[in-house]
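Enquirer: Just a sequence and a predicted model for now, questions to come.
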Amino acid sequence: MNLKQVGLAFHNYHSAYRMLPMGCGGTSSGSAEQPLLGNANRLSPLVGLTPFMEQQALWEKIANPLRANGEVYPAMGPVPWFDPEKYTPWGQRPEVLVCPADPTAKDFPTVASYTINYGDAVMNVGASPLEDMPPYGRTPGALRGMFGYQMTFRFRDALDGLSNTLLMSEARIGGVRVAKNVTGLIGRPAVCIDVHEDDSTKFWPEGRGASWVDGSLLSMGVQTILPPNSPSATSEKGELEGVMSASSLHGEGAHVLMADGAVRFASSSIDAGDQGSPSVAQGHLDNGKTLRPGSPSPFGIWGAMGTRAAQDQVDRAVLSDPVRTRSPEELAELATLELETWHAAKGTGKIQARQIDLTDKGVLVLMSEQGEVRRLGLSKFSSQDAYRAVVTHRQRMQEKAKLMVGHLSTQLDLLEDKQFETFVREWTVFPTRESQNDPATIQQFAAFVKQGRGGLITHYDRMLELLDTLDPSVLGQMQAALARGNGPVRGFAIEFVNGRWKLNMETQANQRRAGQPRPFFRQLNPR
């Protein structure tokens, strides 16, 4: 949902200015020696996006000169690495930029969970043209993503198609090591993997712990070279050039935001082509062994997703539905499932884990005895274990289908009896735990349900009729669509939460109120 909101903000920005914000831009020079002179032309696109993320007050602080802590800061701020306790806007990271599953967010209060697509090349991709920086030079042929330093792109520049081109990707905030001063990345980006296994390698002290307002590659960039959850490194040129990989805490992969606004999940096993291939570069590096500008990506489907105009083809079937973040209550319930032994396909080992899900893409979701959730393809397990997983999943779907009939029937009875507050309190999904216990919020939601009672009753009747003939085995494939209101009954959004099928009020309301810029819950609770 966070990525969807950020994607909507990018689209609204593009509608307003007919372009995307610069990947690494700004208004003035500034430097490490003169941090108050300006922002060093290194602001990330998220700064310009703040008004489109319901952060108008923050934008006005940044866009105007600010007097704070005895200093007068210039419009558009000082350098992005300036102390956020002194220049407070840099410390006011919008909540939407933080993955709720990342527990390290509080330890790195200025870092974003989502990074921008710098393409599938290495050479100078996140560089700055300032004179006091190293002599990077301009290499537009290597800027193959949707963002680039001191450059703006439009959606029309995505000749490969918006639905085939990456806009953003997840990246873990803390706990990720990033090697530094690595040579040879342009000619062979996979050297990044080698140096992480070398004891002599030096690493950035805080990984990618930088500011959400800093557009440098280390801080805000991602490249589609190594697959998700691979190592990352910067070159000998510093934090503005290197190989930065997508990462997440959702197991074997990471969420991605496509340029058309769709959010999908890219597996760590996604086709990443020839990892020994050189990248695209300008000039005659490595005696001409690097690829010429305009070449198709050598890094498979993953690399093709990173290029906007390289005539790359992307099979979107390799991407899965987004991974839903489970609440602590759900995780506690899942932890009661039986521990089972799972054997590797080649007989090389075994693990103890609980089966908590099986996706329609054949990805088995397991929970270890310690509570860690991992996503692994069925092909990685023995045939006996894979068959057991399928049978278990089918049985659980049958049980869920029976629950759905019972739960929807109960909800329908409450609607017909006009018990709206009981319906809202017990059978709807709330955005926060606090709002679920707020009498005023419950009354507001009950009024909304009362207003739409007739249409809801019709939706419930249709869904219950369909459940008489629905094959329970397809329920798992439909869960994400049901939560979005895109199931067999269009516009009817239901979600399985804490063992209950509930009405998803957010989706239900937004579909009825199409065209409004703010989500329904925030319309009711503007504070």
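Expert: Right, received. Where do you want to start? Keep in mind that what you see is a predicted model, and the values were worked out from it rather than measured.
Enquirer: Residue 64 against residue 75, yeah?
Expert: Yes - Residue 64 sits in contact with residue 75 when judged by Cβ atoms under 8 Å, with a separation of 5.5 Å. Every C-beta, even on glycine, is put in place using the N, C-alpha and C of the backbone.
Enquirer: Quick one: the helices in the stretch 301-450 of the chain, in order.
Expert: Ranges of helices in the stretch 301-450 of the chain, per DSSP state H, counting those that start in this stretch, are 328-334, 383-416, 420-427, 433-436, 439-451.
Enquirer: Can you tell me which of the ones you listed is packed in deepest?
Expert: For those, ranked by mean neighbour count under the definition mean count of other Cβ atoms under 10 Å, the leader is helix 420-427 at a mean of 18.
Enquirer: export it as PDB, just CAs?
Expert: What follows is helix 420-427 as a C-alpha-only set of coordinates in PDB (Å, rounded to 0.1, in the frame of the first residue of the first chain):
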ATOM      1  CA  PHE A 420     -24.600  -1.300  11.700                       C
ATOM      2  CA  GLU A 421     -22.300  -0.500  14.600                       C
ATOM      3  CA  THR A 422     -22.000  -4.200  15.500                       C
ATOM      4  CA  PHE A 423     -21.300  -5.000  11.800                       C
ATOM      5  CA  VAL A 424     -18.500  -2.300  11.700                       C
ATOM      6  CA  ARG A 425     -17.000  -3.300  15.100                       C
ATOM      7  CA  GLU A 426     -16.800  -7.000  14.500                       C
ATOM      8  CA  TRP A 427     -16.700  -7.500  10.700                       C
END
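Enquirer: Distance from the chain centre to that helix, please.
Expert: 32 Å (Cα atoms, centre = their mean, to the nearest Å).
Enquirer: Now tell me what touches that helix from outside.
Expert: Residues outside helix 420-427 that contact it (Cβ atoms under 8 Å, 6 or more residues apart in numbering): 407, 410-411, 414-415, 436, 442-443, 445-447, 449-450, 453, 500, 502-503, 505.
Enquirer: List phi and psi for residue 502.
Expert: Main-chain torsions, residue 502, degrees, to the nearest 10: phi -130, psi 160.
Enquirer: Pull the number of nearby residues for residue 106.
Expert: Residue 106 has 10 neighbours, counted by other Cβ atoms under 10 Å.
Enquirer: Now the phi/psi pair for it, please.
Expert: In this entry, residue 106 is assigned phi and psi values of phi -70, psi -20 (degrees, to the nearest 10).
Enquirer: so what pLDDT did it get?
Expert: Looking at residue 106, its pLDDT reads 85.
Enquirer: between the lengthiest strand in the chain and helix 383-416, how big is the angle?
Expert: Looking across the chain with DSSP state E, the single longest strand is strand 350-358. Counting by axes from the mean of the first three to the mean of the last three Cα atoms, to 10 degrees, strand 350-358 points 30 degrees away from the direction of helix 383-416.
Enquirer: Pull the contacting residues for residue 68.
Expert: Contact partners of residue 68, counting by Cβ under 8 Å, 6+ apart, are 86, 87, 88.
Enquirer: Which one (most neighbours) among those residues?
Expert: Among these, residue 87 has more neighbours than the rest - 23 neighbours, counting by other Cβ under 10 Å.
Enquirer: what's near enough to touch it?
Expert: Shown in contact with residue 87 (Cβ under 8 Å, 6+ apart): 66, 68, 71, 73, 77, 78.
Enquirer: mind redoing it with 7 Å?
Expert: By Cβ atoms under 7 Å, 6 or more residues apart in numbering, the residues touching residue 87 are 68, 73, 77, 78.
Enquirer: does the last one really touch residue 40, like I thought?
Expert: No - Residue 78 lies out of contact with residue 40 (Cβ atoms under 7 Å); the separation is 8.5 Å.
Enquirer: for stretch 403-412, what is the average pLDDT?
Expert: 94.
Enquirer: where does that stretch sit relative to the chain's centre, distance-wise?
Expert: How far stretch 403-412 lies from its chain's middle: 33 Å, per Cα atoms, centre = their mean.
Enquirer: Could you do stretch 52-71 as well?
Expert: Relative to its chain's centre, stretch 52-71 lies at 26 Å (Cα atoms, centre = their mean).
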